[in-house]
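> coords please:
(2 chains)
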Amino acid sequence: GDSVVQTEGQVLPSEGDSLIVNCSYETTQYPSLFWYVQYPGEGPQLHLKAMKANDKGRNKGFEAMYRKETTSFHLEKDSVQESDSAVYFCAHIDSGYALNFGKGTSLLVTP
Amino acid sequence: GAGVSQSPSNKVTEKGKDVELRCDPISGHTALYWYRQRLGQGLEFLIYFQGNSAPDKSGLPSDRFSAERTGESVSTLTIQRTQQEDSAVYLCASRTSTRRGAEQYFGPGTRLTVT
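Here you go, the predicted structure:
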């Protein structure tokens, strides 16, 4: 099965809404966890990361908590803006050196 | 400074032809990765180079795929006898550190279309 599972498809909040994009991962070790963001025509870029349990990654009002007990790394924001619209990928690095990506969540914030 | 660059940005080829994709990593980055992104999907790891060590080829989907890197510079990904299922965006990334948590910097990708 997939080692990273995230909210699939498109999420369509209105500007000012709160946001949660779920991410769960499978691991046998102690992975590093990431959220990457991808804008049209570009490669993904690092959005935030957390290296160990109970670390919280933060960037541009987004947060994600590394929860080892539930193997989750949900992306949250209190109030989304139209400029947040992009595709977001949850990813981890487990035993190797390559990123394992979820399938991506397309966020489209309507004004 | 300059980021990761890839060429060509778009490539259309006929089924059965060979293609070569190029990646120029950020100068000084010792690690280089190739990933594949199919339409509407996440990225799939293909191959990883770290300095002069033997590459990790565990993600290559078939023996039609190969990649080379000379030292810590340019890398080329070659797909022989292309098939329609090879159509995807091929992304290259580089990283400066051997720490697993170090950021990978992605290029803009090469969009390959096999007709």
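
> Skipping adjacent residues, who's closest to B:Val12 in space?
B:Thr113 (4.7 Å; CB to CB, 6 or more residues apart in numbering or on different chains). Where you see a C-beta, it was placed from the backbone N, CA and C, and this is true even at glycine.

> my guess is that neighbour contacts B:Pro8, does it?
No - B:Thr113 is beyond contact range of B:Pro8, at 11.5 Å (criterion: CB atoms under 8 Å).

> count of residues packed around the residue nearest to B:Val12?
B:Thr113 has 13 neighbours, counted by other CB atoms under 10 Å in any protein chain shown.

> Contact partners for it?
Residues in contact with B:Thr113, defined by CB atoms under 8 Å, 6 or more residues apart in numbering or on different chains, are B:Asn10, B:Lys11, B:Val12, B:Thr13, B:Ser87.

> Relative to chain A, how far out is it?
Distance, B:Thr113 to chain A, by CB to the nearest CB, to the nearest Å: 15 Å.

> Would you agree that residue falls within a strand?
Yes - using DSSP: H, G, I helix; E, B strand; the rest coil, the assignment for B:Thr113 is a strand.

> Just the contacts of B:Thr113: which are in helices?
Within these, no residue falls in helices by DSSP state H.

> Going through those residues, which ones are buried?
Burial by neighbour count, judged by 16 or more other CB atoms under 10 Å in any protein chain shown, picks out B:Lys11, B:Thr13, B:Ser87 from those.

> which one of those sits closest to A:Ser106?
The closest of the buried ones among the contacts of B:Thr113 to A:Ser106 turns out to be B:Ser87 (CB to CB; 20.3 Å).

> Just confirm that closest one contacts B:Leu112, I think it does.
Yes - with contact defined as CB under 8 Å, B:Ser87 counts as touching B:Leu112 (6.0 Å).

> Please work out how many residues are found near B:Ala67.
Residues near B:Ala67, counting by other CB under 10 Å: 21.

> so it sits right up against B:Val74, yeah?
No - applying CB under 8 Å, one finds B:Ala67 not in contact with B:Val74, separated by 11.1 Å.

> And the residue positioned nearest the centre of chain B, how far from chain A?
Chain B has B:Trp34 as the residue nearest its centroid, 3.0 Å off, counting by CA atoms, centre = their mean. B:Trp34 sits 10 Å away from chain A, taking CB to the nearest CB as the criterion.

> for that residue, which residues make a bridge with it?
On the basis of DSSP bridges, B:Trp34 is bridged to B:Ile47, B:Cys92.

> tell me which parts of chain A are close to chain B?
Proximity of chain A to chain B, by CB under 8 Å from any CB of the partner chain, involves residues A:4, A:32, A:41-46, A:49, A:51, A:89, A:91, A:93, A:96-104.

> again, only this time at 7 Å
A:32, A:41-46, A:49, A:51, A:89, A:93, A:96-99, A:101-104 (CB under 7 Å from any CB of the partner chain).

> if I pick A:Thr71, what's in contact with it?
By CB atoms under 7 Å, 6 or more residues apart in numbering or on different chains, the residues touching A:Thr71 are A:Ser24, A:Tyr25, A:Glu26, A:Thr27.
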